[in-house]
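**Q** Provide a 3D model corresponding to the input given below.
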Amino acid sequence: MKVPGADDSNRRLLIMMGIAAGVVLIAGGLGFVLFGSGDSGSGASSAEATKQLEAAGCTVKTVESLPSNDHSVTTPDGTSTKWNTSPPTSGPHYGQPAIWGAYTEPLLQGQVVHNLEHGGIFIQYGEDVPQATIDQLQSFYAERENGTLLAPLPSLGSKIALGAWTTKSASEPDDGTAYLATCTDFDEAAFAAFFAANQFRGPERFPSESMLPGA
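**A** Here you go, the predicted structure:
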């Protein structure tokens, strides 16, 4: 037996279900646009981190990042004339990244750039940095081991360098910015701001839990 008005009721129910599904899809799409996929930092501002570093006496060089997925550095100790910061923070690199961790010997910069491409950050320090400051850096590193490289780089002299390669989204790997902060002293708050703003935002976004020391 056909119930009067049933077709209209069913039609209204289907319309409402379609609207609800559309809202869910739109919300999901907005969430992807706003937050991307994988780890993407804490949402802190790179501009604010730069202000904190400069207030701490650091010099921050901000450059348009070079293209990703460029393996034109063909040996681990190779270099590139295209690099636009020293130490390099984006662009051509060796096909195999360095193993994540803290080192007592200098790293090969062609490998380090590959680590930055994956969203990591380096902390490198010169041969004239006091041992007391190195101890502070090691303690700082110990709280941020995933996706971090700590190593000496003699050519920095008395300076400490922080480097990061960021992109606006994982879907636009060649639209990004690279940062190189050069500091004479360790400032925990300023260094932490740099990490919060820039780590895990590289053109190739690996989950932070896969970027463990030794991996």
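
**Q** So for stretch 155-173, what gets flagged as buried?
**A** Along stretch 155-173, these residues count as buried under the neighbour rule (16 or more other CB atoms under 10 Å): 156, 159-167, 169-170, 173. In short, each C-beta sits where N, CA and C put it, glycine included.

**Q** Also stretch 122-132?
**A** Neighbour counts using 16+ other CB under 10 Å place Phe122, Ile123, Gln124, Tyr125, Gly126, Val129 of stretch 122-132 among the buried residues.

**Q** Can you add pLDDT, distance to Asn198 and secondary structure and give these back as CSV?
**A** Compiled in CSV, these are given as follows (pLDDT from 0 to 100; distance: CB to CB, whole Å; DSSP: H, G, I helix; E, B strand; the rest coil):
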residue, pLDDT, distance to Asn198, secondary structure
Phe122, 98, 11, strand
Ile123, 99, 12, strand
Gln124, 99, 15, strand
Tyr125, 98, 18, strand
Gly126, 98, 21, coil
Val129, 98, 22, coil
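
**Q** Tell me which stretches of this structure form helices.
**A** Counting by DSSP state H, the chain has these helices, from start to end: 6-35, 46-55, 109-117, 131-142, 188-198.

**Q** And the third one, what does it pack against?
**A** In terms of contact count using 3 or more CB pairs under 8 Å, 6 or more residues apart in numbering; DSSP states H and E, helix 109-117 is assigned the packing partners strand 121-125, strand 160-167.

**Q** I'd like the ones you listed written out as a markdown table, with distance to Gln136 added.
**A** Conversion of those to a markdown table gives the following (distance: least, CB to CB, whole Å):
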| stretch | distance to Gln136 |
| --- | --- |
| strand 121-125 | 10 |
| strand 160-167 | 10 |
